[in-house]
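Student: Got a predicted structure here, sequence first:
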Amino acid sequence: MSTLRRMLLGPVAMATVLILAIAGCGGDGADSTRAGAPSSSAVLPNRIAGVPIPDGRIDDALGELDRLAEDLFASSRVPGMAVAVVHGGKVVYSKGFGVRNVVTDEKVDPDTVFQLASLSKPVGATVVARRIAAGGVEWDTPVHRLLPSFALADPYVTEHVTIGDLYAHRSGLPDHAGDLLEDLGYDRGQILDRLRLLPLGTFRDSYEYTNFGLTAAAVAVATAAGTDWETLSAQTIYGPLGMNSTSSRYTDFVSRANRAEGHVLIEGKYEPANPQRQPDAQSPAGGVSSSVTDMAKWMTMVLADGSAGGSVLVPSEDLLPAISPQAVSAPPKTPDARAGFYGFGFNVSDSAAGRVVLGHSGAFGLGAATAFTLIPSADVGIVTLTNAAPIGVPETLNAEFADLVQFGEVQQDWRTLYRTAFQPLGAPAGSLAGKQPPADPAPARPAAAYAGTYDNAYYGPATISATDQFLTLTLGPNNMTFPLKHWNGDTFVFTPPGENAPHGSVSQARFDGDKLTLEYYDTEHLGVFTRR
């Protein structure tokens with residue numbers, strides 16, 4: 001499976017997309033003092049933007065937003081979309097487009113609830129920041145101290161990896177560690193326990209995006225608070241902000257009458273995903289559902305340095321580390337290129353205008369694409385939610401709006417740039433995807449010769465069953481069964497399941513003596529199963 005695809009088909013981040021976002025949506029500096037900041041800090045050099053924002057510029061940008069959104073929505077043909085903008089502590093734009101479900105044709109409005117996918121990460125980071133204020137945990141608290149069962153492959157890393165390390169994706173865990181276990185039906189506890197079996201990169205000197213690494217940190221924080229993550233999130237952030245349609249539980253999402261169903265593109269036509277994405281196992285990383293109405297409340301709080309309703313909800317000293325660079329997520333490829341950074345659950349970047357931009361994208365291959373962008377120096381933020389597999393729509397609209405705010409006009413052809421960047425994401429996985437079997441394949445051995453149980457410490461056993469001339473593969477705790485189709489000699493093929501396998505994906509199953517190699521699962525060389 002390509003690294004590019006995997007970085008956005010879970011709840012996601014992708015270096016190519018991040019670099020595009022940096023080019024158009026980031027920055028470092030300010031034209032004026034932010035609300036609540038000491039006035040003397042306004043003169044600090046690192047708060048000075050290279051391009052000023054004149055009076056009336058943001059109003060002008062808002063005046064263009066409807067046209068941009070309508071045009072992008074129509075040209076992309078995604079089923080549904082909702083957009084909200086906040087500025088100066090108020091919601092200044094809020095609108096729905098299209099339908100929640102192409103079958104029922106029910107309309108999207110600002111209160112329609114969407115799955116946020118990886119927008120869950122920055123939302124969850126504010127849960128952690130508020131919990132830090134309550135005491136007993138810090139960003140630099142070792143996870144093992146709060147969650148003694150947590151372990152990674154290196155004992156030193158196990159003892160020292162912190163909440164912040166996992167929220168900044170700098171633990172050394174490999175890219176999207178654990179995601180394929182989730183697709184096979186393993187629950188949160190089973191996946192977190194298996195993280196210790198994964199090879200590690202350089203501790204605190206590498207960046208690899210991991211949903212379940214971050215989830216482990218969140219679970220540790222909730223455990224220290226004496227509750228579960230879903231309850232902690234509701235009590236800490238959703239309830240106090242009045243985010244009444246927001247939840248970290250899938251059952252709450254599916255119980256909402258006004259919810260947007262996920263859609264996938266099949267042969268040029270959007271259809272409801274079947275099954276729908278159920279992300280509870282990685283809820284802190286990708287399991288939040290919300291509306292743009294609720295997300296506007298959250299963005300307003302972040303832009304106000306953690307204040308809401310005239311009082312401090314998240315102390316700025318606990319929030320600031322989350323929205324500050326903690327890891328280099330997109331190293332520059334040339335001397336004149338800007339780098340991309342990751343805080344604790346937030347992307348942090350610099351734009352051509354010289355302004356800090358905070359944001360995050362989220363995506364489910366089974367039908368969610370989301371993004372938010374905050375420009376703190378302009379006290380403005382936009383969130384765009386859609387119910388289709390990712391093709392770059394939210395990122396495009398946010399980049400265009402950010403250009404209007406910073407420059408007064410759209411600076412780049414973001415539609416082409418993002419469309420091109422996202423095209424590989426829907427491509428089928430597997431080296432044999434789209435290929436025809438050999439016209440004269442070498443024969444397979446008798447079906448019974450392959451039958452048996454093949455062990456693997458990470459994925460669990462793979463059972464090969466032989467019935468007449470047919471073979472089936474059984475994997476996972478729920479005994480998911482896949483027919484094996486003969487390809488050539490001792491090589492068979494099957495269709496892998498789940499979020500990370502786009503339509504048309506194919507995996508080889510290669511038998512070699514007592515070894516069975518499942519190509520789709522052989523990332524980090526973990527896909528070899530040994531016969532008992």
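Tutor: Arrived safely. Numbers count the residues shown, from 1 in each chain.
Student: residues contacting residue 262?
Tutor: By Cβ atoms under 8 Å, 6 or more residues apart in numbering, residue 262 lies in contact with 115, 272, 273, 276, 277, 364, 366, 367, 368, 387, 388, 389. In short, each C-beta sits where N, CA and C put it, glycine included.
Student: For the protein, give me the ranges with low pLDDT.
Tutor: 1-43 (pLDDT under 70).
Student: longest single helix anywhere in it?
Tutor: The longest helix of the chain (DSSP state H) is helix 57-76.
Student: and for that helix, what are the contacting residues?
Tutor: For helix 57-76, contacts defined as Cβ under 8 Å, 6+ apart pick out 81, 83, 85, 87, 92-93, 95, 97-98, 378, 380, 388, 391, 393, 396-397, 400-401, 404-405, 408, 415.
Student: The helix or strand following that helix - contacts with which helices or strands?
Tutor: Per DSSP states H and E, the first helix or strand lying C-terminal to helix 57-76 is strand 80-87. On a contact count with 3 or more Cβ pairs under 8 Å, 6 or more residues apart in numbering; DSSP states H and E, strand 80-87 meets helix 57-76, strand 90-98, helix 292-303, strand 380-386, helix 393-407.
Student: Quick one: residues contacting the residue lying closest to residue 314 once chain neighbours are set aside.
Tutor: In space, and not counting its chain neighbours, residue 314 is closest to residue 306: 3.5 Å by Cβ to Cβ, 6 or more residues apart in numbering. If a contact means Cβ under 8 Å, 6+ apart, then residue 306 has 126, 129, 312, 313, 314, 315, 316, 318, 319 as its contacts.
Student: Try it again at 7 Å.
Tutor: Residues near residue 306 by Cβ atoms under 7 Å, 6 or more residues apart in numbering: 312, 313, 314, 315, 316, 319.
Student: Turn the residues you listed into a markdown table, including neighbour count, secondary structure and distance to residue 439.
Tutor: Formatted as a markdown table, those follow (neighbours: other Cβ atoms under 10 Å; DSSP: H, G, I helix; E, B strand; the rest coil; distance: Cβ to Cβ, whole Å):
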| residue | neighbour count | secondary structure | distance to residue 439 |
| --- | --- | --- | --- |
| 312 | 17 | strand | 71 |
| 313 | 19 | coil | 66 |
| 314 | 28 | coil | 64 |
| 315 | 15 | coil | 69 |
| 316 | 16 | helix | 68 |
| 319 | 27 | helix | 63 |
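Student: Tabulate the helices and strands packed on strand 80-87 in JSON lines, adding columns for mean neighbour count and distance to residue 180.
Tutor: Shown next, in JSON lines, are the helices and strands packed on strand 80-87 (neighbours: other Cβ atoms under 10 Å; distance: least, Cβ to Cβ, whole Å):
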{"stretch": "helix 57-76", "mean neighbour count": "16", "distance to residue 180": "29"}
{"stretch": "strand 90-98", "mean neighbour count": "18", "distance to residue 180": "32"}
{"stretch": "helix 292-303", "mean neighbour count": "25", "distance to residue 180": "29"}
{"stretch": "strand 380-386", "mean neighbour count": "29", "distance to residue 180": "25"}
{"stretch": "helix 393-407", "mean neighbour count": "26", "distance to residue 180": "25"}
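Student: Using JSON lines, lay out those together with distance to residue 328.
Tutor: Shown next, in JSON lines, are the helices and strands packed on strand 80-87 (distance: least, Cβ to Cβ, whole Å):
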{"stretch": "helix 57-76", "distance to residue 328": "30"}
{"stretch": "strand 90-98", "distance to residue 328": "33"}
{"stretch": "helix 292-303", "distance to residue 328": "22"}
{"stretch": "strand 380-386", "distance to residue 328": "24"}
{"stretch": "helix 393-407", "distance to residue 328": "20"}
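Student: Which one of the ones you listed lies nearest to residue 525?
Tutor: Of all these, helix 393-407 sits nearest to residue 525, with 33.1 Å by Cβ to Cβ.
Student: now for the closest one, which elements pack on it?
Tutor: helix 15-25, helix 57-76, strand 356-364, strand 368-375, strand 380-386, helix 414-422 (3 or more Cβ pairs under 7 Å, 6 or more residues apart in numbering; DSSP states H and E).
Student: switch the cut-off to 8 Å
Tutor: So helix 393-407, by 3+ Cβ pairs under 8 Å, 6+ apart, packs with helix 15-25, helix 57-76, strand 80-87, strand 356-364, strand 368-375, strand 380-386, helix 414-422.
Student: quick one, it and strand 90-98 angle?
Tutor: Put simply, helix 393-407 runs at 140 degrees to strand 90-98, going by axes from the mean of the first three to the mean of the last three Cα atoms, to 10 degrees.
Student: If we only consider the contacts of residue 262, which is nearest to residue 108?
Tutor: residue 387 (7.9 Å).
Student: Could you list which residues are in contact with the residue lying closest to that closest one once chain neighbours are set aside?
Tutor: Take residue 387 and drop its neighbours on the chain: the residue closest to it by Cβ to Cβ, 6+ apart is residue 260, 3.8 Å away. Residue 260 sits next to 79, 80, 82, 100, 101, 108, 112, 113, 114, 115, 385, 387 when contact means Cβ under 8 Å, 6+ apart.
Student: Which positions within stretch 192-199 qualify as buried?
Tutor: For stretch 192-199, burial by neighbour count (16 or more other Cβ atoms under 10 Å) applies to 192, 194, 195, 197, 198.
Student: if we look at that stretch, which residues are touching it?
Tutor: 149-153, 158, 173-174, 177-178, 181, 186, 212-213, 215-216, 219, 457-458, 524, 526.
Student: so how far is it from its chain's centroid?
Tutor: Put simply, stretch 192-199 sits 20 Å off its chain's centre (Cα atoms, centre = their mean, to the nearest Å).
Student: Now tabulate the contacts of residue 262 in JSON lines and tack on distance to residue 439.
Tutor: Output for those, formatted as JSON lines (distance: Cβ to Cβ, whole Å):
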{"residue": "115", "distance to residue 439": "44"}
{"residue": "272", "distance to residue 439": "38"}
{"residue": "273", "distance to residue 439": "35"}
{"residue": "276", "distance to residue 439": "40"}
{"residue": "277", "distance to residue 439": "39"}
{"residue": "364", "distance to residue 439": "38"}
{"residue": "366", "distance to residue 439": "35"}
{"residue": "367", "distance to residue 439": "38"}
{"residue": "368", "distance to residue 439": "41"}
{"residue": "387", "distance to residue 439": "43"}
{"residue": "388", "distance to residue 439": "38"}
{"residue": "389", "distance to residue 439": "34"}
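Student: Specify which member of these is nearest to residue 421.
Tutor: Set against residue 421, the nearest of these by Cβ to Cβ is residue 389 (14.5 Å).
Student: sorry, back to before: pull out the buried residues from the contacts of residue 262.
Tutor: Members of the contacts of residue 262 classed as buried by 16+ other Cβ under 10 Å are 115, 272, 273, 276, 277, 364, 366, 367, 368, 387, 388, 389.
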